[in-house]
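Peer 1: Starting from these lines, generate the structure:
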Amino acid sequence: MRFKLVICCLLAVLASNTTAFAQNGRKGRNRVISADFRKEKGPLSQMFKECIGAGRANEGLRADWQQQLRVTKEECGFKYIRMHGLLTDDMAVYREDRNGNPVYNYQYIDALYDNIIETGMKPFVELGFMPSALASGDKTIFWWRGNVTPPKDYSKWEGLIKDLTLHFTERYGAEEVKTWYFEVWNEPNLDGFWAGSQADYFKLYKHAATAIKSVNAQYKVGGPGTAGAAWEPEMIEYCQKNGVPLDFISTHSYGVDQGFLDEFGSAGTVLSKDRLSVSRDVINSRKEISNSTMPNLELHYTEWSSSYTPSDPIHDSYHQAPYILEKMKQVGKTANSMSYWVFTDIFEEAAPRVTPFHGGFGLMNTQGIKKPAYHAFSFMNKLGETELQNSDSLSWVCKSSNGDMQVLLWDFSYTLPAKVNNQDYYVKDLPSKSKGKVTVELSGIPAGDYYLETYKIGYKQNDPYTAYYQLNKPSQLTREQVAFLKKQTDGSPLSSELIKIGASGQFKKEVPLRENDVCLFSLRKLP
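Peer 2: Reported below is the predicted structural model:
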């Protein structure tokens with residue numbers, strides 16, 4: 001009954017947020033954000049930085065990938081990282097001798113995971129795809145040929161997963177590996193990613209889960225890692241009926257209205273007009289879990305973004321930043337993690353890309369230029385650990401234990417014209433229109449001297465694509481152009497000033513707001 005009550009409350013919040021989003025859109029010219037330093041809502045959900053995605057494991061052996069990950073970890077605070085291709089042939093994990101006996105090799109995995117752990121992060125281990133020597137067929141996906149067929153021998157598959165889990169335990173220690181997550185496969189409900197049936201996937205999962213738990217019963221394993229929030233009740237029912245271990249549900253969602261897999265962007269994606277796209281899937285997933293025989297399972301969205309193709313220019317646009325913030329605000333604490341797909345454009349599903357901005361998934365482009373999406377996460381990471389009461393649905397007001405205070409606010413305006421797709425629209429120079437002004441009114445602040453820093457994302461502010469467009473979109477960037485774009489988009493404060501909060505504890509600031517602007521105000525208390 002308690003879980004049903006939680007879901008009812010979550011759905012009610014969604015309904016009220018839908019109204020609030022509409023009201024904010026209509027009344028943007030009179031928008032007021034008010035909060036009292038003394039009135040706490042509770043701990044700020046940290047699920048936005050629990051996990052981040054990456055393309056494939058082998059790309060993680062590159063020096064530039066590793067350097068970008070270190071910067072992203074430092075500024076955005078992500079804890080886990082998930083990627084495809086840990087077991088594919090380019091990682092040299094599995095072969096068989098002349099007698100058909102398995103031969104294991106983990107040198108490349110060790111190099112990858114050692115670096116991740118040294119960076120201060122942990123693996124969210126995706127087990128896939130199938131080593132060709134263990135595969136039952138030759139069907140592959142992507143330029144790097146990830147084999148998507150079931151194993152030719154499920155006992156050998158189980159043996160591989162058990163040996164790999166033992167290796168992790170010996171190398172990193174059981175206490176460390178207990179904090180990891182093991183996810184079996186990726187999007188098996190799509191023919192492109194899994195050549196077998198649902199029953200075949202459940203069999204694959206059962207053997208993998210058995211292998212992992214045989215090494216340590218406290219290791220966490222889950223799935224099904226499906227596209228479009230599919231197979232969740234079926235997964236739970238299968239594991240419950242067959243006594244198969246299941247510690248979490250994982251799935252994916254993207255905010256477009258057509259199809260699932262489009263690595264070249266040839267279908268012409270269209271951003272969904274539904275203000276609750278993605279987040280409604282998350283709420284429904286939690287509802288399915290709560291109504292199941294395993295109501296306490298963790299929920300991890302191991303992929304999500306505005307679009308499922310690495311050729312969608314919305315990923316490069318300043319529109320992406322408020323989109324991200326809106327989804328994170330809507331989801332709240334419903335999911336244990338929301339893993340944005342992905343942190344870097346060093347990503348080769350459709351082969352290495354040759355232009356600096358091509359609609360790649362990444363928070364950074366190949367050269368390490370930070371996109372607006374990157375700053376959305378870095379701004380969230382600047383928020384204090386305690387959220388304050390605040391009726392505005394497009395903002396957070398927070399405070400830190402040291403007395404600092406932060407206000408993160410945004411506007412999300414859907415500007416995509418009817419019958420126009422993302423690939424034709426978000427490649428343009430898109431000046432934003434005024435949304436009037438926002439007044440921030442804070443009260444109850446302890447008296448003293450504060451350092452006020454103002455940060456922004458928007459049109460021509462931390463907006464590398466527009467700057468690139470105005471350079472006439474060169475197919476290759478010179479060193480000077482890269483340095484210029486990095487300087488323009490480094491996320492530094494737009495302004496800094498000393499202010500004094502008097503005995504009244506009041507702070508008020510009125511700021512102009514444009515379509516799809518993001519503003520962060522940071523009040524740092526001086527000693």
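Peer 1: Tell me the spacing between the residue nearest to residue 308 when sequence neighbours are not counted and residue 97.
Peer 2: Sequence neighbours aside, residue 254 is the residue nearest to residue 308 in space, at 4.1 Å (criterion: C-beta to C-beta, 6 or more residues apart in numbering). Any C-beta I mention is one placed from the backbone N, CA and C, and that applies to glycine too. Per C-beta to C-beta, to the nearest Å, residue 254 is found 43 Å from residue 97.
Peer 1: More neighbours: which of these two?
Peer 2: The residue with more neighbours, out of residue 254 and residue 97, is residue 254; 24 against 8, by other C-beta atoms under 10 Å.
Peer 1: residues touching the more buried one, list them.
Peer 2: Applying C-beta atoms under 8 Å, 6 or more residues apart in numbering to residue 254 gives the contacts 260, 278, 303-308.
Peer 1: which ones among the residues you listed are found in strands?
Peer 2: Counting by DSSP state E, the contacts of residue 254 place 303-305 in strands.
Peer 1: Most neighbours of all these, which one?
Peer 2: residue 305 (27 neighbours).
Peer 1: Which pLDDT value goes with the spatially most central residue of the chain?
Peer 2: Geometric centre of the chain, nearest residue: residue 340, 1.4 Å, by C-alpha atoms, centre = their mean. Residue 340 carries a pLDDT score of 98 in this model.
Peer 1: so what's it bridging to?
Peer 2: Note on residue 340: beta-bridge partners residue 52, residue 304, judged by DSSP bridges.
Peer 1: which residues does it contact?
Peer 2: 52-53, 304-305, 324, 363, 373, 377.
Peer 1: Kindly provide the distance from it to residue 405.
Peer 2: Distance of residue 340 to residue 405, computed by C-beta to C-beta: 26 Å.
Peer 1: would you say residue 424 is within a strand?
Peer 2: No: looking at residue 424 with DSSP: H, G, I helix; E, B strand; the rest coil, it is helix, so not inside a strand.
Peer 1: burial count for it?
Peer 2: Per other C-beta under 10 Å, the neighbour tally for residue 424 reads 12.
Peer 1: For the residue lying closest to it once chain neighbours are set aside, grab the count of nearby residues.
Peer 2: Using C-beta to C-beta, 6+ apart and skipping residues adjacent in sequence, the residue nearest residue 424 is residue 268, 7.6 Å away. Counted with other C-beta under 10 Å, the neighbours of residue 268 add up to 15.
Peer 1: does residue 268 sit in a helix, a strand or a coil?
Peer 2: On the three-state scheme (three-state DSSP), residue 268 is labelled coil.
Peer 1: Kindly report the same for residue 166.
Peer 2: Strictly by three-state DSSP, residue 166 counts as helix.
Peer 1: Show the subsequent helix or strand relative to the lowest-mean-pLDDT helix or strand in the chain.
Peer 2: Counting by mean pLDDT, DSSP states H and E, the weakest-scoring helix or strand in the chain turns out to be helix 2-26, with a mean of 45. Going down the chain from helix 2-26, the next helix or strand is strand 31-36, by DSSP states H and E.
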